[in-house]
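>>> coords below, sequence missing:
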């Protein structure tokens, strides 16, 4: 733990990602200015600071997952040189959207698409996009794509003052204002097939909202706006056991709220296999491994 | 024994993402070649094949968290062009407002956090101090201004887009819900202040720029063609036709976004994952073209807002049209920023912005469609082929950094030649090279859907032995 009262030395680093998490951090406005002008000193960040060597810090904030050998070497060094390591965003915590690429062999594609005459200067690609916890010990995970600015700032504030950050254990539905009223529907709908009712639960309206299997803490901005939750914060505590199957759980929730028989819900989900894996694919699927099964 | 050497810079700092540069020296120790590397691939172009068109815009925005809104706009436009959907006036205005939020968010980040330290501190300043956090410590007012602009953009994206980063409200057919009157009022109230701050930023930029201009004008004065969107002869971000001018300023071609791919070709050069875009008409390498802030100033005769319009006149008076010096992008970007604030303010004052007709019903179809917008770094193109059951069959993206890729490499060579003569490497090489890259504000994360890069200077002998790390 960081001692209260002393300036906290922090680093902000990016692995393979879209830089959205750091953008979100920088969208925190006055709250950010407050921690930056207080006891929080960012001393290393290739995006903002010219220092080229990784220093020893109290707190390392890491966005992105591991896609290359270079990423792996980098995250191990960052871990060795930090007291607290925070995985910021779903790429760092679960592999993120980029891990959808795990179902293809990128190497094979590259050989086909680019006839690389000289690839000696390019770092070697790993077979899979992986979350950083596959390589190093992580002290705090802040999933989200990206985590909301207030969530990042509140969590960092707690860490800086030596307190444990508030955990968000249950599901997005607890933060959504919509009323769950069991409906009688005959099929599911795509998000732009029909307009949404402003008060009624999106699942009850036949939309495939993932709020019921996604961790809270974001404030439910998407379902509140009428856009289905797409699961960017990953599973809640209750679904982090292997024995609790997310798929069956979702089938039950949809069936209960729409009166569509479970068999039919399964059929519709089957046509849309990546619906609840968009952000956490690398934690659940190993297509590469499947290719090796005899 | 050959004296041929190579200089590597990795990682580049203060650019979005990581980059790597190698400079090759010839027998007499002068720069013979410069390469800016794309060293990693995420494969968006491949793994999204088969994805439902409905889910494309919000997933594709994950290519880049810095310019996610621009990607979403290009994506829904491409899908709507396949579906032949005409969206409402209200939806168009709200989308343009979101894109202005995107430009303000990006340009204020680039100016205050990435570029400003180069102008603020002397080249001899301790590298660990040459950063935005240090400026904020020394001058909290500057920090407040940076945050005020970032917050204005974040509020637009949060209120209209429903999230600050990776917005969700924009869907094929329009926007998922209308803007409420009280939301319009609350945004409108902070817009005035944003315009004032953007003026301050521009003045600060000009003041610092004027001091160093004599030195900067030497950096990369490479003449190329330029490309940008144009609408009624003024700079546009959200819509318009694509106009291309040659290095003399003559219009080479002007075409509808739908025919973009007939005019632009891409090639792979065999040593990097990033492809190079060029004009079909002129071929490679004559058809090397640049996009981005300077290109927008060069291609268009005017900017349709009051203050930015005057600034553009001044810019053209000072530097001519077309203007070529690479570091002018840092100046032109501030005119963009002021325009975006003024345009956002104008849109927010329009009371019809809160009309409820933000959405039309779309009917999925198969076919090909192209969506084009001006992203902060230049013209962004999404080209999709959708199948009959509404899934993505094929996707081609032309990212501004791919358009600028060739010019970046050429300018790097010029800049490096000034600092490396007969095997002697002068002080300041590292920062000058990084300034050239920064001027292009390369979206490595976008190129990094295909590429990600890293910068550190290594000097290698022709046999690949490491001689020195800078």
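On my side now, so go ahead. Everything numeric here is computed off the predicted structure, so don't read it as measured data. Numbers count the residues shown, from 1 in each chain, chains lettered A, B, ... in the order given.

>>> low-scoring stretches of the stretch 101-250 of chain A, by residue?
A:104-125, A:242-243 (pLDDT under 70).

>>> wait, residue B:403 touches residue B:279, no?
No: using CB atoms under 8 Å, residue B:403 is not in contact with residue B:279; the gap is 9.9 Å. Just so you know, the C-beta spots here come from the backbone N, C-alpha and C atoms, and that holds for glycine as well.

>>> who's more crowded, those two?
Neighbour tally, residue B:403 and residue B:279, criterion other CB atoms under 10 Å in any protein chain shown: the higher count belongs to residue B:403, 28 against 22.

>>> is the helix or strand encompassing that one anywhere near chain A?
Following DSSP states H and E, one finds residue B:403 within helix B:400-419. No: under the criterion of CB under 8 Å from any CB of the partner chain, helix B:400-419 makes no contact with chain A; the nearest approach is 13.3 Å.

>>> which positions in that helix come out as buried?
B:400-416, B:419 (16 or more other CB atoms under 10 Å in any protein chain shown).

>>> distance check, the residue of chain A found nearest chain B against residue A:37.
Here the residue of chain A nearest chain B is residue A:20; by CB to the nearest CB that distance is 2.0 Å. Taking CB to CB, to the nearest Å as the measure, residue A:20 falls 25 Å from residue A:37.

>>> and the helix or strand just after the helix holding residue B:403, which strands flank it?
Helices and strands here follow DSSP H and E; after helix B:400-419, the next one along the chain is strand B:420-421. Strand pairing for strand B:420-421, determined by DSSP bridges: strand B:424-425 (antiparallel).

>>> angle of the next helix or strand after the partner strand against helix B:400-419?
Counting by DSSP H and E, the next helix or strand C-terminal to strand B:424-425 is helix B:429-440. Orientation check (axes from the mean of the first three to the mean of the last three CA atoms, to 10 degrees): helix B:429-440 against helix B:400-419 gives 150 degrees.

>>> burial measure for whichever residue of chain B sits closest to chain A, as a count.
Here the residue of chain B nearest chain A is residue B:65; by CB to the nearest CB that distance is 2.0 Å. Here the neighbour count serves as a burial measure; for residue B:65 (other CB under 10 Å) it reads 25.

>>> then residue B:173?
Based on other CB under 10 Å, the number of other residues close to residue B:173 is 22.

>>> got the contact list for it?
With contacts defined as CB atoms under 8 Å, 6 or more residues apart in numbering or on different chains, the neighbours of residue B:173 are A:192, B:80, B:85, B:87, B:359-362.

>>> so the residue nearest to it when sequence neighbours are not counted, which of the three states?
Spatial nearest neighbour of residue B:173, excluding adjacent residues (CB to CB, 6 or more residues apart in numbering or on different chains): residue B:362 at 4.2 Å. Under DSSP: H, G, I helix; E, B strand; the rest coil, the three-state class of residue B:362 is coil.

>>> could you report the pLDDT at residue B:362?
Listed pLDDT for residue B:362 reads 91.

>>> got a pLDDT number for the residue nearest in space to the middle of chain A?
Nearest to the centroid of the C-alpha atoms of chain A, with distances taken as CA atoms, centre = their mean, sits residue A:90, at 1.7 Å. The predicted local confidence for residue A:90 comes out at a pLDDT of 93.

>>> wait, isn't it in contact with residue A:132?
No: contact criterion CB under 8 Å: residue A:90 and residue A:132 do not qualify, at 11.6 Å.

>>> can you pull the contacts of residue B:303?
Contacts were defined as CB under 8 Å, 6+ apart; by that measure residue B:303 touches B:234-235, B:309, B:311-312, B:335, B:339.

>>> in helices only, show me the residues you listed.
When DSSP state H defines the helices, the subset of the contacts of residue B:303 inside them is B:309, B:311-312, B:335, B:339.

>>> how about the spatially most central residue of chain B, nearest residue that isn't a chain neighbour?
Residue closest to the average C-alpha location in chain B (CA atoms, centre = their mean): residue B:377, at 1.1 Å. Closest residue to residue B:377 apart from its sequence neighbours, by CB to CB, 6+ apart: residue B:400 at 3.9 Å.

>>> domains of the chain?
Since no chain was named, I'll use chain A. Chain A resolves into domains spanning A:8-160, A:172-284 when parsed by automatic domain parsing.

>>> that's the other chain; I wanted chain B
In the domain annotation for chain B, the residue ranges read B:5-42+B:409-469, B:44-401 (automatic domain parsing).

>>> need the contact list for the residue nearest to the centre of chain B.
For residue B:377, the contacting residues are B:67, B:291-292, B:400-401, B:404, B:440-443, B:446, taking CB under 8 Å, 6+ apart as the criterion.

>>> would you confirm that residue B:296 contacts residue B:234?
No: at 10.1 Å, residue B:296 does not count as touching residue B:234 under the criterion of CB under 8 Å.

>>> the two: which has the busier surroundings?
When residue B:296 and residue B:234 are compared for neighbours, residue B:296 comes out ahead with 28 against 16, by other CB under 10 Å.

>>> assign a three-state SS to the closest residue to the more buried one other than its chain neighbours, would you?
Distances taken as CB to CB, 6+ apart put residue B:228 closest to residue B:296, at 4.5 Å, once the chain neighbours are dropped. Here residue B:228 takes the strand state, with states given by three-state DSSP.

>>> for residue B:228, report the pLDDT, please.
What the model reports for residue B:228 is a pLDDT of 96.

>>> cool, and the one 5 residues further on?
At residue B:233, the pLDDT value in this model is 87.

>>> can you pull the contacts of it?
Applying CB under 8 Å, 6+ apart, one finds that residue B:233 lies in contact with B:300-302.

>>> touching, residue A:169 and residue A:236? I think so.
Yes: in this structure residue A:169 lies within contact range of residue A:236 using CB under 8 Å: 6.3 Å.

>>> joint contacts of those two?
Counting by CB under 8 Å, 6+ apart, the residues touching both residue A:169 and residue A:236 are A:215-216.

>>> so which of the two has more stuff around it?
For the pair residue A:169 and residue A:236, the greater number of neighbours falls to residue A:236 (19 against 12), based on other CB under 10 Å.

>>> tell me the contacts of the nearest residue to the more buried one once chain neighbours are set aside?
By the measure of CB to CB, 6+ apart, the closest residue to residue A:236 outside its immediate chain neighbours is residue A:215, 4.5 Å from it. Taking CB under 8 Å, 6+ apart as the definition of contact, the neighbours of residue A:215 are A:143, A:168-172, A:233-237.

>>> on that earlier part again, contact partners for the nearest residue to the residue of chain B closest to chain A once chain neighbours are set aside?
Once its chain neighbours are removed from consideration, residue B:65 has its nearest residue in residue A:20; the separation is 2.0 Å (CB to CB, 6+ apart). Residues touching residue A:20, when contacts are defined by CB under 8 Å, 6+ apart, comprise A:63, A:89, A:145-146, B:62, B:64-66, B:68, B:165-166.

>>> this completes my enquiry, with thanks.
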